[in-house]
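Student: next comes the sequence, and after it the predicted model I'd like to discuss.
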2 protein chains.
Amino acid sequence: MASKILIVEDEVAIRDMLSFVLEQHGYETLEADNYQAALAHLHEPYPDLILLDWMFPGGSGIQLLKVLKQDEILRQIPVVMLTARGEEEDKVRGLENGADDYVTKPFSPKELMARLKTVMRRVNPTSLDDTLKVGKLKLDPISHRATLSNSPLEMGPTEFKLLHFFMTHPERVYSREQLLNNVWGTNVYVEDRTVDVHIRRLRKALSDHDHLVQTVRGAGYRFSTRS
Amino acid sequence: MASKILIVEDEVAIRDMLSFVLEQHGYETLEADNYQAALAHLHEPYPDLILLDWMFPGGSGIQLLKVLKQDEILRQIPVVMLTARGEEEDKVRGLENGADDYVTKPFSPKELMARLKTVMRRVNPTSLDDTLKVGKLKLDPISHRATLSNSPLEMGPTEFKLLHFFMTHPERVYSREQLLNNVWGTNVYVEDRTVDVHIRRLRKALSDHDHLVQTVRGAGYRFSTRS
DNA sequence: TATAAGTGTCATATAATTGTCACAATTGTA
DNA sequence: TACAATTGTGACAATTATATGACACTTATA
């Protein structure tokens, strides 16, 4: 899934350039040319990073930065400041107020991308670990939530457990009985075919990603990214 | 002053590595290679965080975790579990028993540090009395007041504490029991179902923002800005 | 002390989830 | 193609879990 980057920059030329470069590298971009427009983008699905021009209409960058850092949720979004060459004080003030890094204008695309990657890796290094991911499908045991393209999936507890089991045991066939043992628990008297029904419910919840749960005729079911 | 981190891990190699990395980052470390040694460190000055190996001699990690969570003082120390890759059940059991996060072995120093920082920030925010904000919802521990769009919310002390806990621990499911332990305090004999009632009262107080307090069927409740 | 608030529990109302069936659809094979 | 085996589905009743209103009892507060 592409990361979303919010560009807050009033100069059209620079904004377009940033947008172009970022999209070239597979990021999605959101654009704002003033304070209000920036705020308007700060809702779900939240951007993964904010590129913030220091000086822009409707409030300086640092003002927005301060607002961001006061919100429990928004404060977690990394911010990279764009500053003019030589404005050392600005850089320091930005970092002191919670910016994660800065890029000095003018800058090369290569430099920009390197900064962004570093920051994203640093700020959010292990969401790659605590959350189970398969393409756009994520399952986070901590929040106990499954999402597809960041929108929550509706499913019952059993389907959630089933999906959890599948995601931790992918690319392998499990018989109905094995699934019952692993997901329902042993010593549970339930019909084999009941698994079918829950498989169906899980597929339904996965909607257009239902191909991840595959039928292996005569053997059982398999969770796989390969068709 | 440097934060003190207690490492409970029996493998010397890993313990040394952890200790080295942590000290590189300016933390003080305490080490324990078994259950007894760990307990021996649990007195004043208390460690600020415990890094707990899931499997270690003299009692499994979860045992120590349970003991910790029964003590009024010790239960406030955040615990990060170390688990082997793929042991999803362990992670879930750890979280259910009050671990604040987990790190999967093998892990990179960078990853480890990121986790620790996140947990420490959440559990012990530098500005403990700062106003918590989520969208239009604000909670100011100092004035002991919660407001929505700047108009004060009417709620009882318990609901306030509950909301405070939720706002400092967003995007995570808590069982009724965990909420009782964290909001009511341990050693308090109260029915699980009582939580439901206070959840309802809190929702009522939040009026049109009651969606922030979400029911996670079969698991508990979650405070989240995401639908 | 009188009065108002706040708490914890119940009983009851609602709502969501579950396991099974019966029957449809699909697949493999003779 | 016809048949047998296997899997997909919609419906449904029973079960469970959660929401809610009421109430007696405590705890603050004036």
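Tutor: Cool, got the structure.
Student: could you use CA atoms for every contact and neighbour count after this?
Tutor: Will do.
Student: what's next to stretch A:158-178, contact-wise?
Tutor: A:132-134, A:139, A:146, A:179, A:182-184, A:192-193, A:195, A:198-199, A:201-202, A:216, A:219-225, B:86, B:88 (C-alpha atoms under 8 Å, 6 or more residues apart in numbering or on different chains).
Student: from the residues you listed, which ones fall inside helices?
Tutor: A:179, A:193, A:195, A:198, A:199, A:201, A:202, B:88 (DSSP state H).
Student: among these, name the buried ones.
Tutor: Among those, those classed as buried by 16 or more other C-alpha atoms under 10 Å in any protein chain shown are A:179, A:195, A:199, A:201, A:202, B:88.
Student: out of these, what pair is the most spread apart?
Tutor: Maximum pairwise distance among those (C-alpha to C-alpha): 22.8 Å, between A:201 and B:88.
Student: how about the buried ones among the ones in helices among the contacts of stretch A:158-178 in CSV, adding pLDDT and distance to DNA strand D?
Tutor: Below are those laid out as CSV (pLDDT from 0 to 100; distance: C-alpha to the nearest atom of the strand, whole Å):
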residue, pLDDT, distance to DNA strand D
A:179, 94, 13
A:195, 97, 8
A:199, 98, 7
A:201, 97, 8
A:202, 98, 10
B:88, 70, 22
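Student: which single one of those is nearest to DNA strand C?
Tutor: Among those, residue A:195 lies closest to DNA strand C (C-alpha to the nearest atom of the strand), at 7.0 Å.
Student: tell me where chain A has strands.
Tutor: Using DSSP state E, the strands assigned to chain A run over residues A:4-8, A:28-32, A:49-53, A:79-84, A:101-105, A:132-134, A:137-140, A:145-148, A:151-152, A:173-174, A:213-216, A:220-223.
Student: residue B:101 is nearest to which of those strands?
Tutor: strand A:137-140 (11.9 Å).
Student: packing partners of the closest one?
Tutor: If you count contacts as 3 or more C-alpha pairs under 8 Å, 6 or more residues apart in numbering or on different chains; DSSP states H and E, strand A:137-140 packs onto strand A:132-134, strand A:145-148.
Student: now the ones you listed as JSON lines including mean pLDDT, distance to DNA strand C and mean neighbour count?
Tutor: Compiled in JSON lines, these are given as follows (pLDDT from 0 to 100; distance: least, C-alpha to the nearest atom of the strand, whole Å; neighbours: other C-alpha atoms under 10 Å in any protein chain shown):
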{"stretch": "strand A:132-134", "mean pLDDT": "86", "distance to DNA strand C": "20", "mean neighbour count": "17"}
{"stretch": "strand A:145-148", "mean pLDDT": "94", "distance to DNA strand C": "12", "mean neighbour count": "20"}
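Student: present these as TSV; the columns should include distance to DNA strand D.
Tutor: Output for these, formatted as TSV (distance: least, C-alpha to the nearest atom of the strand, whole Å):
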stretch	distance to DNA strand D
strand A:132-134	21
strand A:145-148	14
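Student: so which of the ones you listed is nearest residue A:4?
Tutor: strand A:145-148 (15.3 Å).
Student: partner strands of that closest one, with direction?
Tutor: Applying DSSP bridges, strand A:145-148 is found paired with strand A:137-140 (antiparallel), strand A:151-152 (antiparallel).
Student: out of those strands, deepest packed?
Tutor: Per residue and on average, the most neighbours among those fall to strand A:137-140, with a mean of 20 (mean count of other C-alpha atoms under 10 Å in any protein chain shown).
Student: can you give me the neighbour number for residue A:65?
Tutor: Per other C-alpha atoms under 10 Å in any protein chain shown, the neighbour tally for residue A:65 reads 21.
Student: from residue B:75, how far out is it?
Tutor: Separation of residue A:65 from residue B:75 (C-alpha to C-alpha, to the nearest Å): 35 Å.
Student: would JSON lines of the strands paired with strand A:145-148 with distance to residue B:172 and mean pLDDT be doable?
Tutor: Shown next, in JSON lines, are these (distance: least, C-alpha to C-alpha, whole Å; pLDDT from 0 to 100):
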{"stretch": "strand A:137-140", "distance to residue B:172": "9", "mean pLDDT": "92"}
{"stretch": "strand A:151-152", "distance to residue B:172": "14", "mean pLDDT": "91"}
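Student: nearest to DNA strand C, out of these?
Tutor: Per C-alpha to the nearest atom of the strand, nearest to DNA strand C of the strands paired with strand A:145-148: strand A:151-152, 12.7 Å.
Student: local confidence estimate at residue A:64?
Tutor: Here, the pLDDT recorded for residue A:64 equals 84.
Student: count of residues packed around the closest residue to it other than its chain neighbours?
Tutor: Excluding the flanking residues, the one nearest residue A:64 by C-alpha to C-alpha, 6 or more residues apart in numbering or on different chains is residue A:35, at 7.1 Å. Residues lying near residue A:35 (other C-alpha under 10 Å) number 19.
Student: repeat for residue A:196
Tutor: 15.
Student: which other residues reach stretch A:97-112?
Tutor: Against stretch A:97-112 from outside (C-alpha under 8 Å, 6+ apart): A:21, A:62, A:65-66, A:69, A:78-85, A:91, A:95, A:115, A:119.
Student: show me which of those are buried.
Tutor: Buried among the contacts of stretch A:97-112 by 16+ other C-alpha under 10 Å: A:21, A:62, A:65, A:69, A:78-84, A:91, A:95, A:115, A:119.
Student: hmm, which two among the residues you listed are most spread apart?
Tutor: Maximum distance among the buried ones among the contacts of stretch A:97-112 (C-alpha to C-alpha): 27.2 Å, for A:21 and A:69.
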